[in-house]
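sharing a model that was predicted from the sequence below.
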Amino acid sequence: MADEHGGFEDVRESLDGHPMVSLLAYARAYWPRLTVGVLASFCTRFARLVPPILVATAIDRVINGPADPGLLAQVGLLPAAPIVGTAARTALLERLVVIAALAYLVRSITRFVSRYLLQSAAQKIQRDLRDDTYDHLQHLSMDFFVDHQTGAMMSVLNSDVNRLEQFLNTEFRQVIRVVATVGGIAVVLWHYSPKLALIALAPVPLIGLASGRFLTWIEPRYKSIRESVSRLNTRLENNLGGAAVIKTFDRYAFERDRVADRSQTYHDEKVGALRIRRAFFAALRLLTGVVFVLVLYIGGLDNITGAEGALTAGSFALFFLYLRRLYSPMRRVGKSANKYQLAKSSAERIFGLLGKEPTITSPPDPHRPDTVDGDVAFDGVTFGYGDREPVLRDVSLDVPAGATVGFAGTTGAGKSTLVKLPPRFHDVDSGAVRVDGVDVREYALDALRQEIAVVEQNPYLFSGTVAENIAYGDRAALDAERRNETPARDRVIEAAKAAEAHAFIADLPEGYDTLVGERGVKLSGGQRQRIAIARALLNDPAIIVLDEATSDVDTETEERIQQSLDRLVEDRTAFVIAHRLSTIQDADRIVVLEDGEIVESGTHADLLAAEGDYAALWHAQADTDTAPLADD
């Protein structure tokens, strides 16, 4: 069941397996790049461990004179024989400088290679995830969009996908840093002093256990935070989109309070998580401080008393140089655990969404007719949105090919819902809708929808030019683009003329190349509707649905559009829902709905003669249209 606020909590139910394992599946495609990047990252970390060893060697063998050969001599990088005399010390120092230079060179090269390869792989995975998530989202059925807010969808496509990219880009390298640094330092410290190495490394398992506990504390909070920010985004988007309504009704204070409530909830949840996180990091710092003090005291005491295995001055310095490096990545474990939980929460939403199947799909062996005549039949159709009361009840209606059917009735009678069923925007709860005698559920979705054009009361225009919007979905234009050809504009102009749009388009600053703005904001409501009608007519569909498609045009323009439509619907089936009944008075048949049921059906003359609901609506509109204007 969908979240009552239109969020994405419900999509977690569609999650199959662990979300981070699913994320690794996306990384598998780039395994060569990732493998080289990981190896280079390990080389970088190991190269960073070399300078402290060089410092310890310089103190013990160059400055203090003869001493234990040390680790570098044991691996063959320095002579094991005692260094005596200025010349020998100078030669040893020069060799240490060369080794240091090589270490820094290796570090610089491998750092570039690792960061470039790992970060570019993260970008590619991010791109693939966003493309797949968007594509899957577009293929989900309309009931999903009814139950989920646009702001929540944008949060998944942007915030959640970006968070996974940041996790792969940053925290993946941190994991390598922890493994390489802690592992390398543990080996070196154990070589110099097993006793002090045990003290230094003792916090490692404790930090691991503490991090696991931290995950337990923080997990439910970050799930709640993600849902809170989604609801906040939805509220902000609704308010920004409805700015004109807010201004009209002077509801600034009301909407400010609603946003403030959502913002306060988000604030409280973030502060709660912040309190836990800061306490966790403070405990880590206290633990590492205790270890530092113990190593200082025990190591120093061994050196003072001359105990067996006491560290040399250089080795003692090495220990503290490494302790500083050891606990920095260890403290980062807590932050990585925090980032991991955030990423896991985002991955749950993304892969939960990817695991959600559309409720309306083509059957295994779909019906693909060569042509569609346009015969439409509603056979005992009952339909409701989700678990709500049915909007349509046992509706039966036969519409022969080429007929024009007008729908009338009060708001909420079910007119718009009924005409959404032939293109399968929704499936019926019971009964059937048939096109040319075949149940629409047996059609291939693309084949069915190519033959059904829909023009809604508030048509959506994409940001782009007038011509691009009219040609949107033009199959001939798509074929031309695949051949790298410029689509012909003749058909666009013909469709615009048929929709009575050519004249106003020609008067625009750039004609058909004029940008319409986001959602077509640079055009009037009537202009947007005429472009939408042209877009619908361009592909010559067998069935056309006009859902109050002329509600925003003036009477004169409506009459011109009606004359054009009368010609254009001669050879196609047309369903017309009209705000003004005069628009449908010439329809072959007028169907009156009330409370989801057909209460009247017939021609305009028949229904007027019956003096029923249609006649009452007709006379009410006629009285309104002819009523004299009140005196000023």
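Ah, there it is.

can you pull the contacts of the residue nearest to Thr234 when sequence neighbours are not counted?
Nearest residue to Thr234 in three dimensions, chain neighbours excluded: Gly151, at 3.4 Å (Cβ to Cβ, 6 or more residues apart in numbering). Where C-beta positions appear, they are placed from N, C-alpha and C, glycine not excepted. Applying Cβ atoms under 8 Å, 6 or more residues apart in numbering to Gly151 gives the contacts Gly6, Ser230, Asn233, Thr234, Arg235, Leu236, Glu237, Asn238.

now do the helices in the stretch 351-500 of the chain.
415-419, 445-450, 466-470, 475-482, 490-498 (DSSP state H, counting those that start in this stretch).

next: the stretch 201-350 of the chain.
203-241, 243-248, 252-305, 313-354.

nearest to His579, out of the ones you listed?
In terms of Cβ to Cβ, the element of those nearest to His579 is helix 243-248, at 20.2 Å.

coming back round to it: out of the contacts of Gly151, who's nearest His139?
Distances from His139 to the contacts of Gly151, taken by Cβ to Cβ, are shortest for Gly6, at 19.5 Å.

tell me how far stretch 296-312 is from the chain's mean position?
Distance of stretch 296-312 from the chain centroid (Cα atoms, centre = their mean, to the nearest Å) equals 59 Å.

which residue is nearest the middle of this structure?
For the chain, the residue nearest the mean C-alpha position is Leu157 (1.2 Å; Cα atoms, centre = their mean).

quick one: it and Thr133 touch, right?
Yes. Counting by Cβ atoms under 8 Å, Leu157 touches Thr133, with 6.1 Å between them.

with mean pLDDT, mean neighbour count and distance to Glu600 added, can I get the helices of the stretch 351-500 of the chain in CSV?
As requested, those are arranged in CSV below (pLDDT from 0 to 100; neighbours: other Cβ atoms under 10 Å; distance: least, Cβ to Cβ, whole Å):
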stretch, mean pLDDT, mean neighbour count, distance to Glu600
helix 415-419, 90, 22, 13
helix 445-450, 88, 17, 29
helix 466-470, 87, 24, 37
helix 475-482, 57, 13, 39
helix 490-498, 84, 19, 31
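
I'd like to know which of those is closest to Pro509.
Closest approach to Pro509 among those (Cβ to Cβ): helix 466-470, 10.8 Å.

quick one: residues in contact with that closest one.
Contact with helix 466-470 is made by 461-462, 489, 492, 495-496, 505, 508, 511-514, 516, 520, 531, 534-535, 538, as judged by Cβ under 8 Å, 6+ apart.

if we can go back for a sec, the residue nearest to Thr234 sits in which helix or strand?
In the assignment (DSSP states H and E), Gly151 maps to helix 150-155.

for Leu523, grab phi and psi.
phi -110, psi 160 (degrees, to the nearest 10).

what about Asn338, neighbour count?
For Asn338, the count of nearby residues is 21 (other Cβ atoms under 10 Å).

from Leu168, how far out is the nearest residue to it once chain neighbours are set aside?
Sequence neighbours aside, Arg277 is the residue nearest to Asn338 in space, at 5.8 Å (criterion: Cβ to Cβ, 6+ apart). According to Cβ to Cβ, to the nearest Å, Arg277 and Leu168 sit 21 Å apart.

now swap in Asp394 and tell me
For Asp394, the distance to Leu168 (Cβ to Cβ) stands at 54 Å.

more neighbours: which of those two?
A direct count of neighbours by other Cβ under 10 Å for Asp394 and Leu168 places Leu168 higher, at 24 against 15.

how many residues are close by the closest residue to Val376 other than its chain neighbours?
Spatial nearest neighbour of Val376, excluding adjacent residues (Cβ to Cβ, 6+ apart): Val399 at 4.4 Å. Val399 is flanked by 22 other residues according to other Cβ under 10 Å.

next one: Val399, what pLDDT does it get?
pLDDT recorded at Val399 is 91.

pretty sure it contacts Ala377?
Yes. Assessed by Cβ under 8 Å, Val399 is found in contact with Ala377 at 7.0 Å.

list the buried ones in stretch 298-310?
Buried residues in stretch 298-310, counting neighbours by 16 or more other Cβ atoms under 10 Å, are found at Gly299, Asp302, Ala310.

need the contact list for the closest residue to Ser224 other than its chain neighbours.
Computed as Cβ to Cβ, 6+ apart, the closest residue to Ser224 that is not its neighbour in sequence is Glu269, at 5.5 Å. Counting by Cβ under 8 Å, 6+ apart, Glu269 makes contact with Arg221, Ser224, Ile225, Ser228.

returning to that earlier point: any chance of the helices of the stretch 351-500 of the chain in CSV, plus distance to Pro369?
CSV is the format used below for those (distance: least, Cβ to Cβ, whole Å):
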stretch, distance to Pro369
helix 415-419, 21
helix 445-450, 7
helix 466-470, 27
helix 475-482, 16
helix 490-498, 23
